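Chemist: A structural model of the following input is requested.
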Amino acid sequence: MRSEKGFTLLELLGVMIVLAVISLIAVPIVMDSVNESRKSTLRNSYQSLLKAIDMNKSYDTINFSKMYVVREGVLNPDVDYEGELEGDGTIVVNSKGQIKVLVQTEDWCISKEYEDSKVSIQDGECSTSADLTYPEYAYVPEIQQALIDGTRQLETDVTLALDETTSGIIYNGTSQDLILPSSIAGTPLWEYSFVSKPDGTPLPLATIYMPDGIQKINTYAFKDETQLNFITFPPSVVILDNWVFEGATALQTITFTSTEVPTIIEGSNGTFKNLKSDVTIRVPQEALANYKAAWTSSLGSGNQIIGY
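Modeler: Take a look at the predicted model:
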């Protein structure tokens, strides 16, 4: 007969085993449900952010690239969106207005390619890492790494003039090797790449590095820069005005990093007016045919467009 004093030790052990099995089954289900809820909330936050970025894009005749950086869930530059972010990474708007996302959280990779319509969240680490430090110089890795290592510095002795006569970057220092910041006094350098002395006269620059984000290369941008040997334009550049290389007598190579061919001013007073006849123009190999088709007629007989 069963004792009326309670469960036997064997029965208690059986109950404990059953409860343990139930826990082993239920806890992962509950945790998965919690994680899916977190993912959904985070996905909605990033979708809200992308919608806000899309609404803030410039719809001028020239669209320009822009990069947003997420650090510990904080967006810079900030926009008005709903929700809260997590992770570290970058959000890039290309010259077509398409948006790419690559953000790493503690548990997930948040991503979106330019052609995608929605953000994806996958478990684990992203297959590629987002450049979080000096992303505006990711297109020239050696400069980016030098900035990270501290062996090079962003130029601080510059001002930005926005009036019609001296529109652009005014340099007040003496260095001939400039690494320009992406903004001056909070003003982004989207269109201003003209560099001069305070009195408007040109600088004897050896090298100048422009941050990704600069959209337009203005008239006479490198006029009479007689020590300038090499120029590399960031992928954000979409138009070059006329007489850009006038008087740059030491120029050897011009490198373009965009697979989209920038617009140039054609004709006798165009972008390549008085460009040295032996200057080589380097472009991405996959876009070589497009560059040649667009620019060959505007270049001198001695200028070559080659792929890299």
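Chemist: so how many other residues sit close to residue 288?
Modeler: Neighbour count for residue 288, taken as other C-beta atoms under 10 Å: 15. (Glycine included, C-beta is placed from N, CA and C.)
Chemist: what's the nearest residue to it if we skip its chain neighbours?
Modeler: Distance criterion C-beta to C-beta, 6 or more residues apart in numbering; nearest residue to residue 288, sequence neighbours excluded, is residue 307 at 3.9 Å.
Chemist: now residue 290
Modeler: Using C-beta to C-beta, 6+ apart and skipping the chain neighbours, the partner closest in space to residue 290 is residue 261 (5.1 Å).
Chemist: Quick check: residue 280 touching residue 304?
Modeler: Yes. Between residue 280 and residue 304 a contact is recorded at 5.1 Å, counting by C-beta atoms under 8 Å.
Chemist: picking up where we left off before, show me what contacts the residue nearest to residue 290?
Modeler: Residue 261 makes contact with 287, 290-291, 294-295 under the criterion C-beta atoms under 8 Å, 6 or more residues apart in numbering.
Chemist: Please report the number of neighbouring residues for the residue lying closest to residue 224 once chain neighbours are set aside.
Modeler: Distance criterion C-beta to C-beta, 6+ apart; nearest residue to residue 224, sequence neighbours excluded, is residue 247 at 3.8 Å. Counted with other C-beta under 10 Å, the neighbours of residue 247 add up to 16.
Chemist: Now do the same contact list for residue 247.
Modeler: Residue 247 makes contact with 202, 223-226, 274, according to C-beta under 8 Å, 6+ apart.
Chemist: Likewise for residue 46?
Modeler: Counting by C-beta under 8 Å, 6+ apart, residue 46 has contacts 83, 85, 101, 103, 110, 112, 119.
Chemist: Quick one: mean pLDDT over the host helix or strand of the third one.
Modeler: In this structure, residue 101 is located in strand 99-104 according to DSSP states H and E. Here the mean pLDDT over strand 99-104 is 90, rounded to a whole number.
Chemist: Buried subset of the contacts of residue 261 as a PyMOL selection?
Modeler: Applying 16 or more other C-beta atoms under 10 Å to the contacts of residue 261 leaves a buried subset, and the PyMOL line that selects it is:
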select buried, resi 287+291+294+295
